[in-house]
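>>> Got a predicted model here, sequence first, then my questions.
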Amino acid sequence: PTDLTVEGLLCDLLWSDPSTEIDTWAPSDRGVSWLFGREVLDEFLKKNNFDLFVRAHQVVEAGFEFFPKDTRQLVTVFS
């Protein structure tokens, strides 16, 4: 267990969310951390030689949700 702060790596790993409305970065509607777009995801996957990014800690209606819908490079699993 660890204490979370309102900024920094652990905060961003927990609270950053994908957004179809932006391509790069924007402040999060949560009031903490960031929203990231398709360009950020593409760069991260390429840099780390990943095909898929799996994340949780966000409410999604069907229990899971792909982003972006056409390439399915990220999946959010409701936790």
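Alright, I've got the coordinates.
>>> Would you map the helices across this structure?
Taking DSSP state H as the criterion, the chain contains helices spanning 9-15, 38-47.
>>> what distance separates the first one from the centre of its chain?
In other words, helix 9-15. 10 Å (Cα atoms, centre = their mean, to the nearest Å).
>>> Next: the longest one.
On the basis of Cα atoms, centre = their mean, helix 38-47 is displaced by 11 Å from the centre of the chain it belongs to.
>>> So what touches it?
Contacts of helix 38-47 with the rest of the structure, by Cβ atoms under 8 Å, 6 or more residues apart in numbering, involve 18, 20, 23-25, 50-53, 67-68, 73-74. C-beta: built from backbone N, CA, C; applies to glycine.
>>> Tell me which of the helices of the chain approaches S79 most closely.
With Cβ to Cβ as the measure, helix 9-15 is the member of these nearest S79 (10.9 Å).
>>> so what's the spatially most central residue of the chain bridging to?
Of all residues in the chain, the one closest to the mean position by Cα atoms, centre = their mean is D17, 3.7 Å from it. Under DSSP bridges, the beta-bridge partners of D17 are L35.
>>> list the contacts for it?
Applying Cβ under 8 Å, 6+ apart to D17 gives the contacts 28, 30, 33, 35-36, 58.
>>> what sits against the residue lying farthest from the centre of the chain?
Among the C-alpha atoms of the chain, the one most distant from their mean position (Cα atoms, centre = their mean) is that of P1, at 21.9 Å. Going by Cβ under 8 Å, 6+ apart, P1 touches no other residue.
>>> quick one: the strands in this structure?
17-18, 25-27, 34-36, 53-56, 64-67, 74-77 (DSSP state E).
>>> Could you identify which of these is most buried?
Compared across those, strand 34-36 shows the largest average neighbour count, a mean of 20 (mean count of other Cβ atoms under 10 Å).
>>> Quick check: pLDDT value at N48.
As predicted, N48 sits at a pLDDT of 98.
>>> and what of L13?
Per-residue confidence for L13 comes out at a pLDDT of 89.
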